[in-house]
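Participant: no FASTA, just this:
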């Protein structure tokens, strides 16, 4: 049986809306906001702005996992994330975006209560620390994952992998488990669209689903196609596609949306669940 997710957010008519996870990247090379929040004070201020805009969770990351990214040392990743987590602790639920157990240890000590794990390998760490765990699907490693991703049936393969990881997590003692199909992590545009179109198959597993399509390159491709051009818009000009895919995911039953544009995404979440009152 799926582990219970965190407390749902209910609206004035008793409906449950999707949670919104705001992104704070403390990196020089993340695809969207790399280099903007390297100073811990700037990162904390940004996180607080996202909370004011409606974020239920803040996801703090110190290592870029964009396609082609180079790994950083564990010590450097810890140095980047811990002061930001400590600065936000007590104001909002905090997730640490990492694939390293030592970073998870330091982040939880600083105040994180969720491990957002692109490697889907840290379930025993999450169990030991007594925190929530997000298992994300990734084919390959960040440095090479987009070189030539291939699947027989991307939905079936991603679904099977994530269910197996989630079941292992519960067996290890994790009390709150989420699954994330990993849009853009070892997947072509067509793979991403197949996963979106059949997201209900992941939701049907019973495990709470986290979706992160915000500003990704697939959306740039779709926006360029819709405009009839070959030029993909810059990452900070993909709001329409980010909201469209987030809204679709929420309508299919996703329980959390990872987003850069928090205010608009939180508003969309309220609209999807009919929480806007006259």
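Facilitator: Yep, it's here. Treat the numbers as computed from the prediction; the structure is a model and nothing was measured.

Participant: looking at this, residue 151 is in a strand?
Facilitator: No - under DSSP: H, G, I helix; E, B strand; the rest coil, residue 151 falls outside any strand and is assigned coil.

Participant: isn't residue 205 right up against residue 160?
Facilitator: No - with contact defined as CB atoms under 8 Å, residue 205 and residue 160 do not form a contacting pair (9.8 Å). In this view, the C-beta of every residue, glycine as well, is placed from N, C-alpha and C.

Participant: Please list all residues in contact with residue 41.
Facilitator: Counting by CB atoms under 8 Å, 6 or more residues apart in numbering, residue 41 touches residue 87.

Participant: Kindly indicate whether it is helix, strand or coil.
Facilitator: Residue 41 - assigned by three-state DSSP - is helix.

Participant: what separates residue 152 from residue 230, distance-wise?
Facilitator: Here residue 152 is placed at a distance of 30 Å from residue 230 (CB to CB, to the nearest Å).

Participant: burial count for residue 172?
Facilitator: 14 (other CB atoms under 10 Å).

Participant: Test for you: state the pLDDT assigned to it.
Facilitator: pLDDT recorded at residue 172 is 98.

Participant: any idea of the mean pLDDT in stretch 48-56?
Facilitator: 97.

Participant: Next, the buried residues of that stretch.
Facilitator: 48, 50-51, 53-56 (16 or more other CB atoms under 10 Å).

Participant: after the helix or strand hosting residue 128, next one along is what?
Facilitator: Assigned by DSSP states H and E, residue 128 belongs to helix 123-129. Per DSSP H and E, the first helix or strand lying C-terminal to helix 123-129 is strand 132-136.

Participant: Neighbouring strands - and their directions - for that next one?
Facilitator: strand 114-117 (parallel), strand 177-180 (parallel) (DSSP bridges).

Participant: Output the ones you listed in JSON lines; the columns should cover mean neighbour count, mean pLDDT and distance to residue 268.
Facilitator: Below are the strands paired with strand 132-136 laid out as JSON lines (neighbours: other CB atoms under 10 Å; pLDDT from 0 to 100; distance: least, CB to CB, whole Å):
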{"stretch": "strand 114-117", "mean neighbour count": "27", "mean pLDDT": "97", "distance to residue 268": "21"}
{"stretch": "strand 177-180", "mean neighbour count": "27", "mean pLDDT": "98", "distance to residue 268": "19"}
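
Participant: Make a markdown table out of those strands and add distance to residue 273.
Facilitator: What follows is the strands paired with strand 132-136, written out as a markdown table (distance: least, CB to CB, whole Å):
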| stretch | distance to residue 273 |
| --- | --- |
| strand 114-117 | 22 |
| strand 177-180 | 19 |
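
Participant: sorry, back to before: nearest to residue 40, of the buried residues of stretch 48-56?
Facilitator: Relative to residue 40, the closest of the buried residues of stretch 48-56 is residue 48; by CB to CB it sits at 12.6 Å.

Participant: Please, which helix or strand holds the closest one?
Facilitator: Using DSSP H and E, residue 48 falls in helix 40-53.

Participant: how many degrees apart are the biggest strand by length in the chain and strand 132-136 in direction?
Facilitator: Ranked by residue count, the top strand of the chain under DSSP state E comes out as strand 19-25. Taking axes from the mean of the first three to the mean of the last three CA atoms, to 10 degrees, one finds that strand 19-25 is oriented at 80 degrees with respect to strand 132-136.
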